[in-house]
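Engineer: Sequence and predicted structure, then a few things I'm wondering about:
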Amino acid sequence: MERIQAAVLDCGPNPCEVYIPAGTYDASAVSSWNSRDPSGSRIGILLPSNVNLHGAGQGHTIIHVTRTATDPTATLLENANELNLNIHIHDMSIVWSDSSRTFDWVSIFICRGCDQVELDHLTLEGNANKLVNLLDCIESSVHDNTFLLRTTGFGHGDNALSVNRFDSKISIRGDAGVVRDNRFSEIGDYRGFSILIVNQSGLYVHSNIFETPVPPPANGTGIETGQDNLGSLPDNVKISGNIFRHASIAYGGLNDSEISGNFLDHGDIYVALQSGTTASLSGLVIADNNLRFGSINVGGLEHTFTGRCVITRNHVVEGNITAGNPAVNRDIEVSYNTVRYSRDKNGIECNACSLLRGNLVREIGQNAPGDLHAGYAISGTVDDVSDNIYMDEQHEYDAGAVCSAASPTSTTCMPSGRTRWIILSGGEWGFGWTNRMLFTSRGSLPIHAFVSTSLIELDNDVDALPPGTHYHLYRTTFNAFELNAATIRRFANNFALSTTGPFNHAAIQEDGIVHIDSLSGNVFRPYRCFGKCAVNYQSSVTAPE
């Protein structure tokens, strides 16, 4: 490592390229590193402006850093001075192993107030507090890297990458930059930390993969946003086109920003100001995301403002959409989303919506027969509830008995083992039924598909059900629309349909005092209203619209 530092220092003020040949290198003992940074941490290699530090490729040039229990805090690579320019690190692997009790300001790479940092084609692995920590940097480019975060304890392996507005004495003259085409993986003992921290304005995060080992139904945090060290929420942030596996976009908040076009498998988009936040949240667009086993939730915080947000054109399966509560949230549009199988929640729960329009909710779910949920639950003051659709095509059925089969072609019950195939005798299922849960004495089993009139495929393998197992398929919609002390200025052109019989309770349920200014063009089949129901929700009321 001393040779690398010497080569870098030989560059002087001129642009310089330092090459580390293929091989495996053990860094010298951390206690022997002489340089210090503003936090007092040791620095292995100081990097000036205009340096290009690179190896022979990931897995070919490998640097190991071992920080022992008695070593001081340290960073392997750090900029020599604030406002350094054009630092480029690429094409190598760095592995950090840490067993010290102190962990703050421990990183593979820290850059403070840097301009145009580029990190690419790196594999960064270990349990440094933050593998990479970019503080007050602008026009950074972090791309085509693999971050392997090995969390081993609280503080050890908190984040793979942090982009943060940190020091008020450093002037920011541009956007944070871009984080793209990276793979972020938690490979350690996950303890609830976040892989990527976004606390600086003007960051574009796209085309990355985030994955944690957290088993469902829980998930980890892929991206965390929130208030920076100066007490502001970041703005002009775009998080788009990323893939999340068992990982969420969570917490904190963003202003005038966009979360769009992401795919989340067992992950949520959860935005709520954290305790202690003093900044308001406004102007957030959550659009065109695809969530499987995940929900979208926008919440608020007392004494702050959360509003002027849009949740639109998202596709949610095995989850739901929730907007705040009216005491802390204002002006949230929920429009043109689709929600199917909301599991143990209402399909769309609008507690602080200004507009609820053009959404499609169908076949809301339940974890047990006693779970009772609505397609749409609406409370507070809403300007417009219009053009929304709720459909229930599930069936109430329990004829015959079921058992487990070894394969989709087997017609005999298997005595033991695990399988996802369930066969029926003494009854007949409809091909293409939309029921989501098979309720049995052995538990509630999620249904992947009705394969034939006598065969179900479950989501996952389960212990074999013996011959003669009783079952039940439930129609799970309690109410299509549930109005909870709501004031709605326009309630128009909404449609609710149950094709297999009446809703379990009602098409419309009123709780508390409900006031509708303008009502027209709604269709509910079959129609039943529960509550005071002073108006016929299927009728047209003469009123300005």
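Structural biologist: Received it, and whenever you're ready, just let me know what you need. On a predicted model such as this, the values are computed, not experimentally measured, just so you know. Numbers count the residues shown, from 1 in each chain.
Engineer: Flag every buried residue along the host helix or strand of Ala160.
Structural biologist: For Ala160, the host element (DSSP states H and E) is strand 159-164. Within strand 159-164, the residues that count as buried by 16 or more other C-beta atoms under 10 Å are Asn159, Ala160, Leu161, Ser162, Val163, Asn164. For every residue, glycine as well, the C-beta is placed using N, CA and C.
Engineer: Check stretch 171-189 too.
Structural biologist: Going by neighbour count (16+ other C-beta under 10 Å), the buried part of stretch 171-189 is 172, 175-180, 182-188.
Engineer: for stretch 62-73, same thing?
Structural biologist: By neighbour count on 16+ other C-beta under 10 Å, the buried set for stretch 62-73 is Ile62, Ile63, Val65, Arg67, Asp71, Pro72, Thr73.
Engineer: again, but for stretch 482-502
Structural biologist: 482-484, 486-498.
Engineer: so can I have JSON lines of the buried residues of strand 159-164 showing distance to Ser342?
Structural biologist: Shown next, in JSON lines, are these (distance: C-beta to C-beta, whole Å):
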{"residue": "Asn159", "distance to Ser342": "32"}
{"residue": "Ala160", "distance to Ser342": "32"}
{"residue": "Leu161", "distance to Ser342": "33"}
{"residue": "Ser162", "distance to Ser342": "34"}
{"residue": "Val163", "distance to Ser342": "34"}
{"residue": "Asn164", "distance to Ser342": "36"}
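Engineer: Asp398: which of those is nearest?
Structural biologist: Closest to Asp398 out of the buried residues of strand 159-164 is Ala160 (49.6 Å), distances taken as C-beta to C-beta.
Engineer: Which of the buried residues of stretch 62-73 sits closest to Gly44?
Structural biologist: Among the buried residues of stretch 62-73, and counting by C-beta to C-beta, the member closest to Gly44 is Val65, at 7.4 Å.
Engineer: The nearest residue to Ala80 once chain neighbours are set aside sits in which helix or strand?
Structural biologist: In space, and not counting its chain neighbours, Ala80 is closest to Leu46: 4.2 Å by C-beta to C-beta, 6 or more residues apart in numbering. Per DSSP H and E: Leu46 is located in strand 42-47.
Engineer: So what touches the helix or strand just after that strand?
Structural biologist: Going down the chain from strand 42-47, the next helix or strand is strand 51-55, by DSSP H and E. Identification of contacts with strand 51-55 by C-beta atoms under 8 Å, 6 or more residues apart in numbering yields 4, 8, 11, 15-22, 47, 61, 77, 86-93.
Engineer: circling back to that earlier point, direction included, what does the strand holding Leu46 pair up with?
Structural biologist: Counting by DSSP bridges, the strands paired with strand 42-47 are strand 35-36 (antiparallel), strand 74-79 (parallel).
Engineer: so which of the ones you listed is the most packed in?
Structural biologist: Most buried of those, by mean neighbour count (mean count of other C-beta atoms under 10 Å): strand 74-79, with a mean of 26.
Engineer: Work out the gap between that one and the centre of the chain.
Structural biologist: Chain-centre distance of strand 74-79: 31 Å, with C-alpha atoms, centre = their mean, to the nearest Å.
Engineer: Which helix or strand contains the residue most central in space within the chain?
Structural biologist: Residue closest to the mean C-alpha point of the chain, counted by C-alpha atoms, centre = their mean, is Ser248 at 2.2 Å. Assigned by DSSP H and E, Ser248 belongs to strand 247-250.
Engineer: buried residues in that strand?
Structural biologist: By 16+ other C-beta under 10 Å, the buried positions in strand 247-250 come out as Ala247, Ser248, Ile249, Ala250.
Engineer: quick revisit: quick one: the buried residues of strand 159-164 as TSV, columns for distance to Arg362 and pLDDT too.
Structural biologist: What follows is the buried residues of strand 159-164, written out as TSV (distance: C-beta to C-beta, whole Å; pLDDT from 0 to 100):
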residue	distance to Arg362	pLDDT
Asn159	39	96
Ala160	38	97
Leu161	39	98
Ser162	41	97
Val163	39	98
Asn164	42	96
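Engineer: If we only consider these, which is nearest to Pro467?
Structural biologist: Pro467 lies nearest to Ala160 out of the buried residues of strand 159-164, by C-beta to C-beta, at 50.8 Å.
Engineer: show me what contacts the closest one?
Structural biologist: Contacts for Ala160 (C-beta under 8 Å, 6+ apart) come out as Leu124, Lys130, Leu131, Val132, Phe147, Leu149, Phe184, Ile195, Leu196.
Engineer: Okay, and which of those map to helices?
Structural biologist: For the contacts of Ala160, not one is inside helices, with DSSP state H as the criterion.
Engineer: Mind giving me the packing neighbours of the longest strand seen in the chain?
Structural biologist: When the chain is parsed with DSSP state E, its longest strand is strand 477-492. Judged by 3 or more C-beta pairs under 8 Å, 6 or more residues apart in numbering; DSSP states H and E, strand 477-492 is in contact with strand 373-386, strand 389-392, strand 495-498, strand 506-511, strand 515-520.
Engineer: if you set the cut-off to 6 Å instead, what comes out?
Structural biologist: For strand 477-492, the elements it packs on are strand 373-386, strand 506-511, strand 515-520, judged by 3 or more C-beta pairs under 6 Å, 6 or more residues apart in numbering; DSSP states H and E.
Engineer: could those strands be laid out in a markdown table, adding mean pLDDT, mean neighbour count and distance to Glu428?
Structural biologist: Shown next, in a markdown table, are these (pLDDT from 0 to 100; neighbours: other C-beta atoms under 10 Å; distance: least, C-beta to C-beta, whole Å):
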| stretch | mean pLDDT | mean neighbour count | distance to Glu428 |
| --- | --- | --- | --- |
| strand 373-386 | 94 | 23 | 28 |
| strand 506-511 | 94 | 23 | 29 |
| strand 515-520 | 93 | 17 | 42 |
